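>>> give me the fold of what follows.
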Amino acid sequence: MNWKPDASMKEPIFRQIAKHFESLIIEGKLAPGEPLPAERKFAEELGVNRSTVVSAYAELRATGLVQSVQGSGTRVSERMWGVSARKVPNWRQYTLEASFRPTLPLISKLRSASTDPTKINLARGELSEDLLPRREVQELLHRMNIDDSLGYSHPQGSLRLRETLCDHLRKANGIYTDPEHILITSGSQQALHLITQCLLAPGDAIGLEGPSYAYSLPLFSSAGLRLFRIPVDDDGLDPISVKELYQKHMIKMVFVNPTYQNPTGTTLSLSRRKQLLEICEELRIPIVEDGAYSEIRLDKSEAPSNALVTLHGNSDLVIYVGSLSKTAAPGLRIGWVIAPSAVIRRMADAKEQMDFGMNTVVQELANLYLRTGWRDHLQRLTRELTKRRNSMLMSLQSNAEELCVWNKPLGGYHIWCRLKHIISDAELLDACIQNGVIVTLGIVYGLSMDSYV
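Numbering: from 1, shown residues only. Here you go, the predicted model:
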């Protein structure tokens with residue numbers, strides 16, 4: 001190592017050492033699990049007392065960037081959410097840089113490999129080209145009347161589309177609402193972004209399922225939020241953990257994908273849904289419910305438990321987020337939020353400041369699609385996805401039974417595999433890429449090597 005601390009600086013040597021390693025971790029040059037130099041040897045290399053290095057490593061441990069295990073030395077932390085902020089006053093910078101940057105090199109490599117057409121891409125969680133409703137959309141474009149579709153949209157989105165959504169959500173999900181409680185967004189990711197920007201503040205703690213796709217979204221980090229994991233098993237998240245997180249960290253919001261969860265494919269049981277609602281009502285914690293996959297039922301399975309937003313008499317407790325990205329086409333960029341009027345007004349105001357409202361032509365296209373072609377397309381889609389799921393399960397059974405275990409999802413897009421043997425995320429990704437297959441790693445969903453079978 002060529003780096004040396006600068007004795008002429010006013011900043012203490014131990015703090016220079018801590019900042020040096022912090023930079024290496026943030027930039028991904030030291031990956032999760034990688035060891036730091038042994039204290040005594042490193043002190044000799046730098047020409048400082050061992051106590052100076054000990055103090056530097058202690059500072060890094062206090063921020064959660066490293067962890068020390070007797071007999072194994074000091075290593076970069078495998079899991080980086082919910083780390084202490086005692087040493088860093090700027091929460092926005094802290095959560096953006098310290099919590100998630102170490103996974104970025106892997107994500108960057110994954111995305112780069114995804115552009116290679118010779119690779120089998122199982123990582124994107126996106127419909128293949130042949131499953132998109134091209135013909136239906138082309139016909140609707142010819143039928144559209146755009147006489148009043150080229151001006152700025154209403155801040156909450158097209159009234160026609162919001163009225164159509166009320167009818168659609170009632171029939172498809174049993175959700176009863178009205179246009180005044182709906183905001184049209186550019187996909188569900190913008191909906192989540194608006195929630196974080198309008199309802200939360202830097203430094204706020206939130207609860208997320210672990211694993212959860214939400215850990216891969218930079219919008220939570222850029223909002224300066226502290227992320228805490230809610231354990232997930234075959235019946236979904238553990239509601240009791242929500243109360244424990246509140247008592248320990250004062251979480252201010254719970255984000256949950258209760259039906260055909262991404263990435264595990266699990267569905268939160270009815271009893272746990274009710275328990276979660278009771279706990280959050282008692283603690284006055286709002287719930288953000290992501291219903292992206294709730295309509296994609298495979299094997300003609302029965303409808304899952306009712307949406308959280310329909311199970312609770314207090315409609316102000318749950319914010320519901322949905323979109324057409326999973327059941328139609330992600331390129332339409334149509335999502336929506338159902339929330340109390342005050343929340344909708346606040347988010348609509350922020351959205352208007354961002355982009356002056358949604359694309360009016362696309363909103364009208366979505367309105368016609370939901371009224372005329374959505375249900376037939378969904379039926380074709382679920383039939384085809386059922387075949388592809390079954391084919392993937394057969395392939396796993398034939399080729400990977402000794403390596404991992406997996407679930408059989410009843411809906412959604414995802415099969416969650418858990419390895420029987422420990423392997424680093426970098427090694428696993430490299431091995432997959434070399435063999436022509438791209439998968440999303442557990443670390444992207446907020447897990448580390450303690451999550452093996």
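
>>> how much space between Q247 and K10?
41 Å (C-beta to C-beta, to the nearest Å). Backbone N, C-alpha and C define where each C-beta goes, glycine included.

>>> now P218
35 Å.

>>> and those two? Which one has more around it.
P218 (12 against 5; other C-beta atoms under 10 Å).

>>> for that one, give me the pLDDT.
Here, the pLDDT recorded for P218 equals 72.

>>> and R86, by the same measure?
Reported pLDDT for R86: 38.

>>> for the nearest residue to S158 once chain neighbours are set aside, pull up the helix or strand it's in.
Among residues not flanking S158 along the chain, Q363 sits closest, at 4.2 Å (C-beta to C-beta, 6 or more residues apart in numbering). For Q363, the host element (DSSP states H and E) is helix 360-372.

>>> tell me the first helix or strand C-terminal of that helix.
Counting by DSSP H and E, what follows helix 360-372 is helix 374-399.

>>> distance between the ends of stretch 277-293?
Stretch 277-293 has an end-to-end distance of 20 Å (C-alpha to C-alpha, to the nearest Å).

>>> buried ones in it, by neighbour count?
For stretch 277-293, burial by neighbour count (16 or more other C-beta atoms under 10 Å) applies to 277, 279-280, 283, 285-293.

>>> just the strands from this protein, written as ranges.
Secondary structure of the chain by DSSP state E: the strands cover 66-69, 73-76, 120-121, 182-185, 205-210, 226-233, 236-237, 253-256, 287-290, 318-323, 335-338, 404-406, 417-419, 437-438.

>>> can you list those in TSV and add distance to K19?
Below are the strands of the chain laid out as TSV (distance: least, C-beta to C-beta, whole Å):
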stretch	distance to K19
strand 66-69	13
strand 73-76	15
strand 120-121	39
strand 182-185	39
strand 205-210	26
strand 226-233	22
strand 236-237	37
strand 253-256	32
strand 287-290	36
strand 318-323	39
strand 335-338	40
strand 404-406	40
strand 417-419	35
strand 437-438	35
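
>>> got a list of contacts for stretch 293-301?
172-173, 257, 259-262, 303-304, 307, 322, 326-327, 378, 381-382, 385-386, 389, 409-413 (C-beta atoms under 8 Å, 6 or more residues apart in numbering).

>>> in this structure, what helix or strand scores lowest on average pLDDT?
helix 91-94 (a mean of 42; mean pLDDT, DSSP states H and E).

>>> ok, the buried residues of stretch 277-293 vs G207, which is closest?
Among those, I285 lies closest to G207 (C-beta to C-beta), at 8.1 Å.

>>> got the contact list for the closest one?
V242, Y246, I251, K252, M253, V254, I279.

>>> how near is the closest residue to the fourth one other than its chain neighbours to R226?
Computed as C-beta to C-beta, 6+ apart, the closest residue to K252 that is not its neighbour in sequence is D204, at 4.8 Å. For D204, the distance to R226 (C-beta to C-beta) stands at 7 Å.

>>> more crowded one of the two?
For D204 versus R226, neighbours defined as other C-beta under 10 Å are more numerous around R226 (24 against 18).

>>> does the more buried one touch I206 like I think?
Yes. Counting by C-beta atoms under 8 Å, I206 is a contact partner of R226 at 7.2 Å.

>>> count of neighbours near G331?
Residues lying near G331 (other C-beta under 10 Å) number 13.

>>> and the nearest residue to P5 once chain neighbours are set aside, what is it in contact with?
Nearest residue to P5 in three dimensions, chain neighbours excluded: Q16, at 4.2 Å (C-beta to C-beta, 6+ apart). Contacts for Q16 (C-beta under 8 Å, 6+ apart) come out as P5, D6, M9.

>>> list only buried entries from those.
Applying 16+ other C-beta under 10 Å to those flags P5 as buried.

>>> between the contacts of Q16, which is nearest G236?
P5 (49.3 Å).

>>> so that closest one sits against V48, correct?
Yes. Here P5 reaches V48: they are 7.3 Å apart, a contact under C-beta under 8 Å.

>>> which neighbours do those two have in common?
Counting by C-beta under 8 Å, 6+ apart, the contacts common to P5 and V48 are I13.

>>> can you list the domains in this structure?
13-77, 91-453 (automatic domain parsing).

>>> can you list the weak-confidence ranges in this structure?
1, 78-106, 147-149, 216, 312-315, 448-453 (pLDDT under 70).

>>> for K109, what are its contacts?
K109 sits in contact with L429, I433, where contact means C-beta under 8 Å, 6+ apart.

>>> that one and D116: what is the separation?
The value you get for K109 to D116, if C-beta to C-beta is used, is 12 Å.

>>> do Q397 as well
27 Å.

>>> mind listing what's buried in stretch 214-231?
Buried, per 16+ other C-beta under 10 Å, within stretch 214-231: 214-217, 219-230.

>>> which parts of stretch 132-149 are buried?
For stretch 132-149, a neighbour-count test (16+ other C-beta under 10 Å) marks L132, P133, E136, V137, L140, S149 as buried.

>>> how distant is that stretch from the center of its chain?
32 Å (C-alpha atoms, centre = their mean, to the nearest Å).
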